[in-house]
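In: structural data only, the sequence is not supplied:
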């Protein structure tokens, strides 16, 4: 992997961790995430219009935009439902760990990408680090009743979330070959905002939406900028590098979230978080130099 896509993915991880800090501080995470998409749709509208007029979109590009919007709607629904039925510390490692495992498999079988033995070792190290960060202190709990653990609906939704992550990672690798990454991200946000609207209004109502806007309007605007930057840099990296490499390296965002959580939110730096972060960093650089 060359230095440019590697650097882009690292910057994406930092931006992703930063907007997730704002998400954690919000009063209603589901509405906050939806309003991010709405904010991008409104604030980046001039850019989207200019790019459509200046560059247009090749015919297959519209199908990729539609497809990624549907996958992202499913992603947000699966993620929110997983948190409804299980703790974040159980759900997150499955949701984030399945993607780096599936994407290289899909990249090789569907995209014809090549993955070296060293890359596989790096990916395995990253995945191990993710589970260490979140599960080190819960291994005995999971092992005590693994049947009940895997019967948990939250775990099912977490696994579906991971599959959605793998799905849009491979899909978007193809999509950005036809659409400018900035325009692709804008249309993705537009499609996701529209697709999630019925669910958000039905479940939460306008009163809750207005409340979130009143409390966190500035945070929503800042987070929308960070979200746009985070995924646009990933899309740019996908244009010039393999999805099998980009997807696992994105998990460096977990290390940034551990650091930001400790410094800004005063979250404890447990042995699991430190050890897992070391594993993730080691795996990221292993994939990067392979």
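Out: Sure, I can see it. Being a predicted model, the structure only gives us computed values, none of them experimental.

In: all contacts plus neighbour counts: C-alpha atoms, from now on.
Out: Noted.

In: do you know the pLDDT at residue 88?
Out: We have a pLDDT of 68 for residue 88.

In: so what's residue 76 closest to, chain neighbours aside?
Out: Spatial nearest neighbour of residue 76, chain neighbours left out: residue 161 (7.9 Å); criterion: C-alpha to C-alpha, 6 or more residues apart in numbering.

In: tell me which element the one you found is part of?
Out: Secondary structure from DSSP states H and E places residue 161 in helix 153-175.

In: mind listing what's buried along that helix?
Out: Neighbour counts over helix 153-175 (16 or more other C-alpha atoms under 10 Å) mark 153-175 as buried.

In: helices or strands next to the helix or strand just after it in the packing?
Out: Remark: after helix 153-175, the chain's next helix or strand is helix 181-203, criterion DSSP H and E. When contacts are defined as 3 or more C-alpha pairs under 8 Å, 6 or more residues apart in numbering; DSSP states H and E, helix 181-203 packs onto helix 29-43, helix 45-55, helix 59-85, helix 205-240.

In: just the buried residues of stretch 105-122, please?
Out: Quick answer for stretch 105-122 (16+ other C-alpha under 10 Å): 105-107, 111, 113, 115, 119-120, 122.

In: ok, for the spatially most central residue of the chain, nearest residue in space, not its chain neighbours?
Out: The centre of the chain sits closest to residue 165, judged by C-alpha atoms, centre = their mean, with a distance of 6.8 Å. Sequence neighbours aside, residue 99 is the residue nearest to residue 165 in space, at 5.6 Å (criterion: C-alpha to C-alpha, 6+ apart).

In: so for that neighbour, what pLDDT did the model give?
Out: 89.

In: using the three-state scheme, assign it.
Out: Three-state assignment for residue 99 (DSSP: H, G, I helix; E, B strand; the rest coil): helix.

In: thought it was touching residue 170?
Out: No: Residue 99 lies out of contact with residue 170 (C-alpha atoms under 8 Å); the separation is 10.2 Å.

In: hmm, back to that, the helix holding residue 161 versus helix 205-240: what angle between them?
Out: Put simply, helix 153-175 runs at 50 degrees to helix 205-240, going by axes from the mean of the first three to the mean of the last three C-alpha atoms, to 10 degrees.

In: and the residue lying closest to residue 153 once chain neighbours are set aside, how many neighbours?
Out: Nearest non-adjacent residue to residue 153, counting by C-alpha to C-alpha, 6+ apart: residue 85, 6.1 Å away. Residues lying near residue 85 (other C-alpha atoms under 10 Å) number 16.
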